[in-house]
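Undergrad: I would like the atomic coordinates for the input below:
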Amino acid sequence: MATSTAGARPKAVVLQKPGRPRMVVYVFGRYIRAAHWIRNGLLIWLVLSGIYIGNPFLARNLTAEASNVFVMAQVRGWHVIAGWILLAMTLVRIYQFLFVRPDGKLGLGAELRMAPVMFSWRAWRDQLAFYLLMKRDHPHFTYSNYGPLQYLVYTALYASLLVISITGIILAAPFLASGIGVWSAELLRPIEVWMGGLANVRAVHRFVMWFFILFTLAHIYMAVWNSMRTGNLLIEGIVSGFAATDDGEHARPATDEDLKPAASAKGAKTGGKKA
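TA: Residues are numbered from 1 along each chain as shown. A predicted model of the protein is given here:
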């Protein structure tokens, strides 16, 4: 059963569920959802094309013009293009993390402010207890949208995106004649020397690729498991933008007064205090 909380155009919907009602609210904006799926698509292509570059298993047709069937050059070219797009999106995301406040203005980033969750033993205890099936309800933190495990993994994820982008630029430079790739590789030459040459750069590049593969599999599993166990509509939310969340004011069974369309927000708030 779903009920409106305010007038003809509700900003949220109360879902009555056994044990704990929920508020379905708009939490994922258009940019967040679009960027999420674009990054996923880019990573899938980069992994598949990277595997081919490492082991070019598609045979060339020797009877056709070489310019039409030079598969390796085409795959490498689109691999590099996708890498630059992913790097640009990563830099925008890191900028948002560091400098975009909750109100959208510049300042100390909203997600950067959530860093204390990493150092809260209670947060670690509650989240691990949830994942180890020692408690039913997902822990919620008043100062962070993430649990400490998510915060740690997502921070490592974007750091890894920078690492794989830097190593990718270094690896692509020998196949380029000019342009931003060659210029960037020259700037990154000290890193190549520090890492011990292209062979080690390639090894790090591949290692981080496997991190993304394992992260993606774990991310899909945990997101589906979390959504099914807690009913937070997490999977649906990254498509539609709407997800379920707890709301102290409505964390009670709905009354007849709550179900009246003409009920004012003030009346609903008063009813929430009496409950």
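Undergrad: give me the low-pLDDT residue ranges for the protein?
TA: Judged by pLDDT under 70, the chain has its weakly predicted residues at 1-22, 58-69, 246-275.
Undergrad: Do a quick rundown of the helices in this structure.
TA: Counting by DSSP state H, the segments of the chain that form helices are 30-54, 66-69, 71-99, 121-131, 148-172, 180-187, 189-195, 198-230, 234-240, 256-259, 265-274.
Undergrad: Quick check: bridge partners of the nearest residue to residue 237 once chain neighbours are set aside?
TA: Ranked by Cβ to Cβ, 6 or more residues apart in numbering and with sequence neighbours excluded, the top spatial neighbour of residue 237 is residue 243, at 3.3 Å. The C-beta positions use only the backbone N, C-alpha and C, and glycine is treated the same way. With DSSP bridges as the criterion, the beta-bridge partners of residue 243 are residue 25.
Undergrad: going forward, begin numbering at 8 instead of 1
TA: Shifting the count to begin at 8 puts that one at residue 250.
Undergrad: State the distance from residue 250 to residue 142.
TA: Separation of residue 250 from residue 142 (Cβ to Cβ, to the nearest Å): 21 Å.
Undergrad: Neighbour count for those two, which is higher?
TA: Relative neighbour count places residue 250 above the other of residue 250 and residue 142, with 20 against 14, counting by other Cβ atoms under 10 Å.
Undergrad: contacting residues around the more buried one?
TA: Neighbouring residues of residue 250 by Cβ atoms under 8 Å, 6 or more residues apart in numbering: 31-32, 34-35, 239-241, 243-244.
Undergrad: PyMOL command to pick out the buried ones of those?
TA: When burial is assessed using 16 or more other Cβ atoms under 10 Å, the buried subset of those is captured in PyMOL by this command:
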select buried, resi 31+32+34+35+239+240+241+244
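Undergrad: Surely residue 85 touches residue 52?
TA: Yes - shown here, residue 85 and residue 52 form a contact pair, counting by Cβ atoms under 8 Å, at 7.4 Å.
Undergrad: Have a look at the two and say which one is more surrounded.
TA: Neighbours around residue 85 and residue 52, counted as other Cβ under 10 Å, are more numerous at residue 52. The numbers are 17 against 13.
Undergrad: Buried ones in stretch 195-213, by neighbour count?
TA: 195, 199, 202, 208-209, 211-212.
Undergrad: swap that for stretch 96-105, sorry
TA: Going by neighbour count (16+ other Cβ under 10 Å), the buried part of stretch 96-105 is 97, 100, 103-104.
Undergrad: residues touching the residue found closest to residue 219 once you drop the neighbours it is linked to in the chain, list them.
TA: Take residue 219 and drop its neighbours on the chain: the residue closest to it by Cβ to Cβ, 6+ apart is residue 50, 5.9 Å away. Counting by Cβ under 8 Å, 6+ apart, residue 50 touches 93, 219, 223.
Undergrad: what about residue 50, distance to residue 150?
TA: From residue 50 across to residue 150, the span is 30 Å (Cβ to Cβ).
Undergrad: what's the answer for residue 127, then?
TA: Distance check for residue 127 against residue 150: by Cβ to Cβ, it reads 9 Å.
Undergrad: Comparing the two, which residue is more hemmed in?
TA: When residue 127 and residue 150 are compared for neighbours, residue 127 comes out ahead with 16 against 11, by other Cβ under 10 Å.
Undergrad: tell me the phi and psi of the more buried one?
TA: Dihedral angles of residue 127 (phi, psi; degrees, to the nearest 10) stand at phi -100, psi 110.
Undergrad: what's the closest non-adjacent residue to it?
TA: Counting by Cβ to Cβ, 6+ apart, residue 155 is the residue found nearest to residue 127 once chain neighbours are left out, at 6.6 Å.
Undergrad: which residue is nearest the middle of the chain?
TA: With the centre of the chain defined as its mean C-alpha position, the nearest residue by Cα atoms, centre = their mean is residue 43, 5.9 Å away.
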